[in-house]
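need coordinates for the below:
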Amino acid sequence: MLNIGERLREERARLGFNQAEFAAFAGVAKTSQFNYEKGERSPDAAYLAAVAVKGVDVLYVVTGERKAIPASCLTPEAKEFFEVYQQVSESDREVLFRTAQAFAKARESE
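Residues are numbered from 1 along each chain as shown. Presented below is the predicted three-dimensional model:
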């Protein structure tokens with residue numbers, strides 16, 4: 001099982017940020033980010049709140065468990081998308097995720 005620092009690094013990479021970018025919007029120095037990811041220090045609540053705004057699954061970082069979305073909350077289109085997502089390779093999943101992120105960011109800036 002991954003430790004908090006490893007899960008934090010995984011989330012940062014999943015969202016497509018480098019350490020400097022992540023540290024900047026979290027309000028910490030790059031060395032602090034490095035130390036969090038190495039497991040030498042633990043992030044505080046203010047840091048976790050700041051990274052949550054950028055899409056970090058804080059529950060996962062802290063506990064190792066992902067947020068569960070009840071199937072009853074998903075639209076038929078979302079269910080269909082997840083079914084397709086489960087059928088593709090890991091590298092294709094990464095492409096799908098980055099594409100969806102790009103569309104979401106573009107919509108935010110409208």
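
contact partners of stretch 26-42?
3-6, 8-9, 12, 19-20, 22-23, 43, 46-47, 50-51 (CB atoms under 8 Å, 6 or more residues apart in numbering). Yep, even glycine has a C-beta here, placed from its N, CA and C like the rest.

the protein: strands as residue ranges?
Ranges of strands in the chain, per DSSP state E: none exist.

which parts of it belong to which domain?
For the chain, the domain assignment from automatic domain parsing gives the residue ranges 4-63, 71-108.

still on that earlier bit, looking at the contacts of stretch 26-42, which one is closest to Pro70?
Lowest distance from Pro70 to the contacts of stretch 26-42 (CB to CB) belongs to Val51, with 24.7 Å.

show me the shaky parts of the chain.
Within the chain, no stretch falls below the threshold (pLDDT under 70).

the longest helix in it is where?
Counting residues, the longest helix in the chain under DSSP state H turns out to be helix 90-108.

send me that one as PDB with only the CA atoms.
Once non-C-alpha atoms are left out, helix 90-108 reads as follows in PDB (Å, rounded to 0.1, in the frame of the first residue of the first chain):
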ATOM      1  CA  GLU A  90      -4.200   1.900 -19.000                       C
ATOM      2  CA  SER A  91      -2.300   4.200 -21.400                       C
ATOM      3  CA  ASP A  92      -5.600   4.900 -23.300                       C
ATOM      4  CA  ARG A  93      -7.300   5.600 -19.900                       C
ATOM      5  CA  GLU A  94      -4.600   8.200 -19.200                       C
ATOM      6  CA  VAL A  95      -5.300   9.800 -22.600                       C
ATOM      7  CA  LEU A  96      -9.100   9.800 -22.000                       C
ATOM      8  CA  PHE A  97      -8.600  11.400 -18.600                       C
ATOM      9  CA  ARG A  98      -6.300  14.100 -19.800                       C
ATOM     10  CA  THR A  99      -8.700  14.900 -22.700                       C
ATOM     11  CA  ALA A 100     -11.600  15.100 -20.200                       C
ATOM     12  CA  GLN A 101      -9.600  17.400 -18.000                       C
ATOM     13  CA  ALA A 102      -8.700  19.700 -20.900                       C
ATOM     14  CA  PHE A 103     -12.400  20.000 -21.800                       C
ATOM     15  CA  ALA A 104     -13.300  20.700 -18.200                       C
ATOM     16  CA  LYS A 105     -10.600  23.400 -17.900                       C
ATOM     17  CA  ALA A 106     -11.800  25.000 -21.200                       C
ATOM     18  CA  ARG A 107     -15.300  25.100 -19.900                       C
ATOM     19  CA  GLU A 108     -14.200  26.700 -16.600                       C
END
